[in-house]
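Pasting the sequence and the predicted coordinates here, then a few questions.
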Amino acid sequence: MSRLAQNYIERFYPRWFSHAQARTAHIANPGGNVLFGPDRVSPLYGAVVAINVDTLYASAIVEPGSEPVIFTIPPTSVSYSLLTATNFGDVFDSGIPSGRPGTYALTAPDWHGELPGGVTRVDVPYRQSMWIIRGDKYSDGRNTVARAEQFRRNLRMATLSDYVANPDAGQTHVVPEATFGIRYKVVADNMVARAPIAFLRQLQTAVNDPETAPLTRQDKAVAEEFDKIFGKGRNLPSELRDQFARGVRQGHARIIRNYLGHTTENYWVNFRNIGNWSARDYLDRSSIAEFLQWGNSLPTAAYWHTFKDTSGAALNGSSKGYVLTFPAGKLPETSRFWSLTAYTPHAVTLIPNAADTYAVASYTPGLKKNPDGSLSIYLSRTRPTGVNPENWIPVGNGEFNVMLRAYGPQGGTLSGSYVPPGITPLTGS
């Protein structure tokens, strides 16, 4: 039975997250199909692991049912991306041309009816899916925060009947950041460690929810076998409970090991299949849910994540300062931006610091290169003497990890041949 439980959690782990997140969102907005986003992103934000501070968010859990959901994208000069994913994290084509403004009816394929003039029908093949719009805060070195904020507030999402009553209905709800304070990753990790059977019950409920994206034939077989033996709410003999608990913990450990072991040179974790997994990549899909839920797929973005310095030792701000130096001409190639962000070790959330600084990026005003054209970014508790403030990321007193993002990857960052330089301890630190 431990093997069955292990297989179950490895295959379906992402659904626990999306189900819990949808339940929270529906408490705030019972009708669903509502655009929302945080008023800011700081260490308080915990709902999604490895949140970025480079963009402004507007998200919606889209559930087209008896009537379409009308989604309006206004014209804008701001660079932005639209991620559409199933509640397992599989990315699918939204049917909306990239960067094209307009008013779209997100419609269940079997819906029949009339749409208002100027509204383009887009069939959404899932009863529930996540739609995430990310507007860049900087573009071509220019601060576009005000325009990105205006863009996300001018986005609209409303049911057809609400739209007909008021075409301006459904603007983005920009809500206090505390709304996103639940650290789902920490909740999941703690439940697996301390209450694995309760976690399995919740995961089983999530998988059997009618809103769950259709399962493959193999996934259905696993789910049916699991339901038959695990039951639905009935008490299990202690020996069986122990076997299921062991399988949950083993599966969870494999999810983590798979992520941390997916390394390139210099100890950077890099997945090239985010959102586009094959039938055999369910372990990768679960690993991404644990460490980078709702990450973009290629070619929208590429990610590298490291927990170690060039010697293989864990990054730890309590004893060392570090530097990451990009040689001249070796910065990540992008059409939008690259950024480097530091995170806490377990929750993978932003690190609290007095400087209120969480990332250094290609758009960072005042970023300075070295005389030879290279670029050094420092990671330490306190800013090293003589280091430009804009070239420094505070990391706190303890272990941490670092993610490098490339939005609009080009050249080697798109093909996968690019490998970031390693993070090196500062001499004398």
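Yep, that arrived.

What ranges in the stretch 201-350 of the chain fall below the confidence cut-off?
The model of the stretch 201-350 of the chain has pLDDT under 70 over residues 233-234.

All the strands of it, residue numbers only.
Using DSSP state E, counting those that start in this stretch, the strands of the stretch 201-350 of the chain run over 301-306, 322-326, 334-343.

cool, and the stretch 51-200 of the chain?
55-62, 69-73, 80-86, 102-107, 119-123, 129-136, 138-139, 142-143, 156-159, 173-175.

Let's see the pLDDT reported for Met1.
We have a pLDDT of 70 for Met1.

what separates it from Ala279, distance-wise?
The gap separating Met1 from Ala279 is 24 Å, by Cβ to Cβ, to the nearest Å. The way it works is simple: take the backbone N, C-alpha and C, and place the C-beta from them, glycine included.

Look at the two and report which has more neighbours.
Between Met1 and Ala279, counting by other Cβ atoms under 10 Å, Met1 is the more crowded of the two (18 against 9).

which of the strands of the stretch 201-350 of the chain is buried the deepest?
strand 301-306 (a mean of 24; mean count of other Cβ atoms under 10 Å).

May I have it exported as CSV, CA atoms only?
Output of strand 301-306 as CSV, limited to C-alpha atoms (Å, rounded to 0.1, in the frame of the first residue of the first chain):
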residue,chain,number,x,y,z
ALA,A,301,10.2,32.5,-19.4
ALA,A,302,13.2,30.4,-18.2
TYR,A,303,14.2,29.7,-14.7
TRP,A,304,17.4,28.7,-12.8
HIS,A,305,17.3,28.0,-9.1
THR,A,306,20.2,27.3,-6.7
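
could you say what helices and strands that strand packs with?
Here strand 301-306 touches helix 282-292, strand 401-409, going by 3 or more Cβ pairs under 8 Å, 6 or more residues apart in numbering; DSSP states H and E.

now those in TSV, with distance to Arg100 and mean neighbour count?
Converted to TSV, the helices and strands packed on strand 301-306 look like this (distance: least, Cβ to Cβ, whole Å; neighbours: other Cβ atoms under 10 Å):
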stretch	distance to Arg100	mean neighbour count
helix 282-292	27	23
strand 401-409	17	24
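
Could you save those as TSV and add columns showing distance to Glu177?
As requested, the helices and strands packed on strand 301-306 are arranged in TSV below (distance: least, Cβ to Cβ, whole Å):
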stretch	distance to Glu177
helix 282-292	20
strand 401-409	20
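
among the ones you listed, which is nearest Thr306?
When the helices and strands packed on strand 301-306 are compared by Cβ to Cβ, strand 401-409 sits nearest Thr306, at 5.5 Å.

List of residues touching the closest one?
Strand 401-409 is touched from outside by 50, 52, 54, 79, 81, 136, 268, 292, 296, 298-307, 315, 324, 332-343, 345, 348, 379, 413, 420, 423, with contacts defined as Cβ atoms under 8 Å, 6 or more residues apart in numbering.

Over to stretch 258-274?
91, 281, 283-284, 286-288, 290-292, 295-298, 302-310, 312, 404, 416, 419-423.

Using JSON lines, lay out the strands of the stretch 201-350 of the chain together with distance to Gly117.
Listed next are the strands of the stretch 201-350 of the chain as JSON lines, based on distance: least, Cβ to Cβ, whole Å:
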{"stretch": "strand 301-306", "distance to Gly117": "36"}
{"stretch": "strand 322-326", "distance to Gly117": "52"}
{"stretch": "strand 334-343", "distance to Gly117": "34"}
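
and Ala188, which of those is closest to it?
strand 334-343 (16.8 Å).

what's that closest one in contact with?
With Cβ under 8 Å, 6+ apart as the criterion, strand 334-343 contacts 50, 52-54, 79, 136, 138-139, 324, 331-332, 349-351, 358-363, 377, 379, 393-395, 400-410, 413.
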